[in-house]
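**Q** Provide a 3D model corresponding to the input given below.
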Amino acid sequence: MSDKPPSPKPSELDQAHFVEQFGEIYEHSPWVAELAWQQGLGPEQDTPEGLAEVMGRVLSDASAERQLEVIRAHPDLAGKAAVAGELTDDSTREQLGAGLDQCTPEEMARFERLNADYKAKFGFPFVMAIKGSDRHAILAAFETRLENDPAKERRAAVEQINRIARFRLDALLG
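**A** Residues are numbered from 1 along each chain as shown. Predicted structure coming up:
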């Protein structure tokens, strides 16, 4: 048996400790955790699902400009930051889990081209909750989503970011 006391539940944390623990669930965007805490947390937010719902609603209800800030905080998939080892720990685990470190030179070239085409069209990086996907499914999603208009693609990116947050909360609280 461990002598360590159980960790406090999210609803039991003060704002500073809540943001310290959950501020990076949304890539470099602690304001999402701050606003979620400010809305009031109850026992229903002590589960990954409940906390993901309230934090996801903060992002979904944010202005388009704030949403774009969060989207732009995400790295390119299989991009230069990944190759240089400059990703957050969560992003590194997620990209390795999808096998992006195993791309052939041709696949890396395709990722680079799609990343460039996507950023040129939308002005932000392609974001996808890649847990459970492989590089082939990611490349296919890239091609499909390049056909979206900017407003639809911003909404798709926010939806994917909320899925990423849910996966991260599952890992943290699960």
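**Q** which residues of the protein score low on pLDDT?
**A** For the chain, applying pLDDT under 70 flags the ranges 1-6, 79-88, 91-92, 95-97.
**Q** could you pull out the helices for it?
**A** 15-22, 31-38, 48-61, 64-72, 80-84, 89-97, 105-122, 135-145, 150-173 (DSSP state H).
**Q** which one of the ones you listed lies nearest to Ala129?
**A** Minimum separation from Ala129 across the helices of the chain (CB to CB) falls at helix 150-173, 3.6 Å. The C-beta positions use only the backbone N, C-alpha and C, and glycine is treated the same way.
**Q** list the buried residues in the closest one.
**A** 153-154, 156-158, 160-169, 173 (16 or more other CB atoms under 10 Å).
**Q** which helices and strands does it pack with?
**A** Packing partners of helix 150-173 (3 or more CB pairs under 8 Å, 6 or more residues apart in numbering; DSSP states H and E): helix 15-22, helix 48-61, helix 64-72, helix 89-97, helix 105-122.
**Q** restrict it to CA atoms and write it as PDB.
**A** Below are the C-alpha coordinates for helix 150-173, written out as PDB (Å, rounded to 0.1, in the frame of the first residue of the first chain):
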ATOM      1  CA  PRO A 150     -11.900  27.700 -44.300                       C
ATOM      2  CA  ALA A 151     -14.800  28.000 -41.800                       C
ATOM      3  CA  LYS A 152     -15.700  24.300 -42.100                       C
ATOM      4  CA  GLU A 153     -12.000  23.300 -41.600                       C
ATOM      5  CA  ARG A 154     -11.600  25.600 -38.600                       C
ATOM      6  CA  ARG A 155     -14.600  23.800 -37.000                       C
ATOM      7  CA  ALA A 156     -13.100  20.400 -38.000                       C
ATOM      8  CA  ALA A 157      -9.800  21.400 -36.400                       C
ATOM      9  CA  VAL A 158     -11.500  22.500 -33.100                       C
ATOM     10  CA  GLU A 159     -13.400  19.200 -33.000                       C
ATOM     11  CA  GLN A 160     -10.100  17.300 -33.500                       C
ATOM     12  CA  ILE A 161      -8.400  19.300 -30.800                       C
ATOM     13  CA  ASN A 162     -11.300  18.500 -28.400                       C
ATOM     14  CA  ARG A 163     -10.800  14.800 -29.200                       C
ATOM     15  CA  ILE A 164      -7.000  15.200 -28.500                       C
ATOM     16  CA  ALA A 165      -7.900  16.800 -25.200                       C
ATOM     17  CA  ARG A 166     -10.200  13.900 -24.300                       C
ATOM     18  CA  PHE A 167      -7.400  11.400 -25.000                       C
ATOM     19  CA  ARG A 168      -5.000  13.400 -22.900                       C
ATOM     20  CA  LEU A 169      -7.500  13.700 -20.000                       C
ATOM     21  CA  ASP A 170      -8.100   9.900 -20.200                       C
ATOM     22  CA  ALA A 171      -4.400   9.300 -19.900                       C
ATOM     23  CA  LEU A 172      -4.100  11.800 -17.000                       C
ATOM     24  CA  LEU A 173      -7.200  11.000 -15.000                       C
END
